[in-house]
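S.K.: Just a sequence and a predicted model for now, questions to come.
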Amino acid sequence: MDGSTIFMKDTLSDSAPLGELLIARGLLQQKQLDTALELQKKWGTRLGDILLSKGWVRAQDFYLTLAIQYQKPFVDLFKERPDKTLWKNDELTRYTELLVLPLRKMDEGILFAVADPTPAVFEYMDEHSDGVYDYVITSKFDIIWSAQNEADHHFSDRAVNELAREQPVNSAGQVFTRAQLFWIFGLLSVVIVSTTFWPIATLVLANVFISLFMLLNFGLRMLFAWVGSHAKIDVKVTDEEVRAINDRDLPFYTVLVPMYKEPSVLPIITESLRNIDYPLSKLDIKLILEEDDEETIAAAKNLNLESMFEIIRVPVSLPKTKPKACNYALSFARGELVTIYDAEDKPERDQLKKAVIAFRKAPENTAVIQARLNYFNANENWLTRMFTLEYSLWFDFYLPALEALKIPIPLGGTSNHFKLRILKKVNAWDPYNVTEDADLGVRLTQLNYHVGVVNSTTYEEATNRFGNWIRQRSRWIKGYMQTYLVHMRHPVRLYRSLGHVGFWGFQFFIGGAVLSCLLAPLLYLTYFGWLYTQTHVLDVIFPSIILYASLFSLLLGNGLLIYLSTLCVFKRHLYHLIPWALTVPVYWLMMSIAAYKALWQLIHKPFYWEKTTHGLTNFLHVDPRKKKDQADV
Amino acid sequence: MKVNRQRADFAWLLLLGVLLTGFCLWLTGNNFSHEMALRDWVKVLGVLDADPFRLENLGLDTPHLPLYLLIPFAWLSPDAQGVAPYLLSTLLIALLLTVWNHQLRHQAFVLWQRLLLLMLVLFQAPLLWAATTGGHLALTLLIFYFIYLACLRMNFQADLRSFIMLGLLLGLLFFVDAVALFIFIALFPFFALIAPRRIFLEAPLSVYIVICIPLGVAVLAWAYLGWIFEGGPGHFIHQPGSTFLGARQYAADSPWLIQYGGQWFAPLAAAFMLLLVYFPVVFLLLALAAKHKNHLKVTLALMSVPLIAIAFATSKFYLERPVELLALVMVAVMAELSVLQVRKGWTFPAVVLLLIAGGASGWHSFLQTPDPIVRDWQNALFARLDNAHAADVALGQFLSHQQGKVLIDNFTAYRVIAAHGDTEKMALPKSDLFKLQVRRQVPDIQYIVVPDPRAGQGGWDRINKHFPDLYRSGMKDYQQVYDYQGWRVFKHVAG
């Protein structure tokens, strides 16, 4: 290659079509080309993207052929390292977006490595070389690998510190602010002093607070269930709308799949994504793997995945959390929309299309659409049944109700579909928050973005072992505690940004969920202690009105919550779970155990990510629309 | 537009409330009073006047919700307080009619049609009885109306809300009227017809669980409260005079129970005959519902519920008079009219004619009933009744002129307390003072009031039970200061 040669865009006009070149080189069959051309008409994407996404041509072969078509040399960036001095830190994201890199300085101008020679790339090279440039062809994997390899520190720093730097008030990096500590210690002091001098009055007051809280908590949950049970809330996007959508109009979609030490479930998620009802050539799937997780990296390589899958290796740094990994991968995202799936997820095939339609139907300021989550191994044991009941209530009733009532929605761990532009604008996830999704939902609402839900389900694996469940749940509750503390740093500001309903909804739905888990064992202990001893010692702290409120909570409140658990299966026709719902109080006790563990960890290991082990189930997922009963293998 | 409709609804409520209240005042002005209404009111007074305020003093022998609804009426002037239960029942029936009117308008009934239907419904004896007797029935009818609609919705739309509504309403009904259990039992077998077929076939047990849980929770909660406050979970069904026992204790005074008590098929047949007499319109509605097989099935099931409830409640000596459960059919008719297409063609005149015919034959039948309270009510429609409870009133007035605390049982002396107007100086059985006094061999209280234990309910009087010889022989340190038509008052004298 002569580095001084300047190529102009119109020199491409004489090149043979890519498909013919691939056939001529024996890399593609005519039948495949015909199919790809048909798909091109339907999907409206470039032929190369289709061939790569279908895996009909190896990436290496494809880019070599591309180089021939463009009459440019092909460069292996693993061997020929780019000159990093030409890179600009604030341009790194553009490099990965456009798949272009400054390779080295020429006598005159700059030589770029290009994986996707589009007009936008030529325009970019033109702008960043004073009009004098040349380029060589490389593969997109080379560009991503080089960018990661050379700018590792930069991407890591952004993933970990960007939110804390730009919006320190929204970062859970600091668990308690000084003002919060002041208030907590102040309140504790007042309670201690008050209990010392006026023990009865203090206990009565505490009792008043607890009773009032429990009553409102029950009432609010009943309200959510009532609103969530409305038939109109159920169907936001119809099957007809999905069928009617033109694939050409669909945007590019980035799918983030963070994984850690889960080689066994890797083939399952990749198969799920391969079968999703969306033009594959418009998918940009990132398998986000930790650098030290060699086992999963090896498994991913061995799968010989199509080119729509990209492996993003996250360098080891603290905190070692899922949001940090996602933030890291976000720097490489090229879609207009972006979603997250966990490794064990099985989204419904039309979920991405439904999300696109939901965005189109939603207000312009919609930043994220949350899909519903449920479990494919509901029938495995008591724990998975309880978990399914809980998720059905949460995602099928509560979240749609929160949206309808304009209360901040704590996003679920996966299947939340974002507008990439907005996600980046708000500095994405908080790497220090162990329920980064819940936090992000609240943050987006505070920033006046709309958070919506869509009637599409992702089936996950419910953890089927007690210890694993406690680990997962304690992380969630700890994350809720972090989220509550972060957003309550400035309660007045929060009140102003969320309004009355949003503020109180946040208090009860986020703060209340934690508080009720913590209070429940104390209340049960008090009650059973009284029942066993028949003591009158407690009479003085239960004046009539408090006694009635407590009795109401104990009898009707708990009764109604059990009732809600029986109802929540209706939308999914899981009627056989209804009798199991009667045992839900035992599950609540487990939640309390997890809550106390979470409280302990909040103080001692606030950023520690309790990893949930997946792949423990003996159940295979069967699409409920095809078959209602799950098959036990 | 919506605001205008809300205003119109409010105006309806106001107008109907005023009309029914006027009617009610006329009845009470003519000395009509209903035992249950007075008992309820005295209970509420007892709790409101007590210090400390204790809700449990309402007792668990009667459902609480109607009593809570009576509390705001305590702000009426003392002279007017006696009509509080009646005002409440008229307001509740006015509310029922307002809701119904709202739904009829939704079904595009024009104003004159709605007015005509409202007049005809009000013309039905069972509804007017419910509206003006101050009992729990008015609230029961209001809730049953929504239960009926929930059942229809469950079958037609199979949506979750209908299950929630039905379950919660059945649970709520338990806190309104002890008759809830009979309605539930009558409804129970029909869930198979009412619930959406697909869901029922898939998971029959789950359908029952979902519908029954709220009522189950309500009953268990009540039993638990009985255990906490009254010493036993079965208190509410064992306590003499409990509403949950219905008319069992007065069976001998109820012509209906004398004739049918303890039987099953005979009261069912009788109830069916009464249905023919009072509500012939039901058969037209069934014919109209038959256009849709599902609708017919549900309507048939729901229309049968009051009849089966009558039979069952009679077999258990609960039901004093059938008209009270028959009123549920009236509500069912109203609900059906709000969903069936009857406003056009021949159907509307047919409905009107059958309502008129049913109203006329119903009144004819109603006027023939030998039930003494019903006869009082009928007589009070036209003329002032002789005050049959003059002795109670006289005692109430006597007590008004005395100073000091009075040991008295509101179960037997409710009319006395109602005539007295408040319970501030009364030591009622739920109060600590009463419990303390009856534990003593000789009480230490200013006055003790006892009825003749051999007459009427005097034997159930809790003071007589503790001091069985008091009425006859008096007591050490107490002097008899009042003796009039079965009531004696003993005053404490220095020992």
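M.R.: Yep, it's here. What you see is a predicted model, and the numbers here were worked out from it, not measured in a lab.
S.K.: Run a quick check on B:Pro370 versus B:Pro255, I expect a contact.
M.R.: Yes: using CB atoms under 8 Å, B:Pro370 is in contact with B:Pro255, at 4.4 Å. Glycine gets a C-beta too; all of them are placed from N, C-alpha and C.
S.K.: Between these two, which is the more surrounded one?
M.R.: Ranked by neighbour count (other CB atoms under 10 Å in any protein chain shown), B:Pro370 and B:Pro255 place B:Pro255 first, with 14 against 11.
S.K.: Torsion angles phi and psi at that one?
M.R.: phi -60, psi -40 (degrees, to the nearest 10).
S.K.: Contacts for the lowest-mean-pLDDT helix or strand in chain A, please.
M.R.: Lowest on mean pLDDT, DSSP states H and E among the helices and strands of chain A sits helix A:231-234, with a mean of 75. For helix A:231-234, contacts defined as CB atoms under 8 Å, 6 or more residues apart in numbering or on different chains pick out A:Val227, A:Pro400, A:Ala401, A:Ala404, A:Asn455, A:Lys571, B:Gln157, B:Asp159, B:Leu160, B:Arg161.
S.K.: So which of the residues you listed is the closest to A:Leu39?
M.R.: Closest approach between the contacts of helix A:231-234 and A:Leu39, by CB to CB: A:Asn455, at 28.1 Å.
S.K.: continuing past the helix or strand where the closest one lies, what's the next helix or strand?
M.R.: Element membership of A:Asn455, judged by DSSP states H and E, is strand A:450-460. Next helix or strand after strand A:450-460 toward the C-terminus (DSSP H and E): helix A:466-487.
S.K.: So which other helices or strands are in contact with that following helix?
M.R.: helix A:382-393, helix A:436-446, helix A:512-533, helix A:584-604 (3 or more CB pairs under 8 Å, 6 or more residues apart in numbering or on different chains; DSSP states H and E).
S.K.: and it, how far out from the chain's middle?
M.R.: Helix A:466-487 sits 16 Å away from the centroid of its parent chain (CA atoms, centre = their mean, to the nearest Å).
S.K.: Show me what counts as buried in that helix.
M.R.: Within helix A:466-487, the residues scored as buried using 16 or more other CB atoms under 10 Å in any protein chain shown are A:468-487.
S.K.: For the stretch 101-250 of chain A, which residue gets nearest to chain B?
M.R.: Here the stretch 101-250 of chain A gets closest to chain B at one residue, A:Ser229, 4.4 Å apart by CB to the nearest CB.
S.K.: mind checking how far that residue is from A:Leu393?
M.R.: As judged by CB to CB, to the nearest Å, A:Ser229 and A:Leu393 stand 11 Å apart.
S.K.: which bits of the stretch 351-495 of chain B sit near chain A?
M.R.: Nowhere does the stretch 351-495 of chain B come near chain A, counting by CB under 8 Å from any CB of the partner chain.
S.K.: Check the burial of A:Leu523 by counting its neighbours.
M.R.: A:Leu523 has 17 nearby residues by other CB under 10 Å.
S.K.: Cross-check the contact I'm expecting between it and A:Ile210.
M.R.: Yes: the pair A:Leu523 / A:Ile210 is scored as a contact, 7.3 Å apart, by CB under 8 Å.
S.K.: Got the phi and psi for the spatially most central residue of chain A?
M.R.: By CA atoms, centre = their mean, the mean C-alpha position of chain A lies nearest to A:Thr414, the distance being 3.9 Å. Main-chain torsions, A:Thr414, degrees, to the nearest 10: phi -140, psi 180.
S.K.: If anything else comes up later, I'll come back, but that's it for now.
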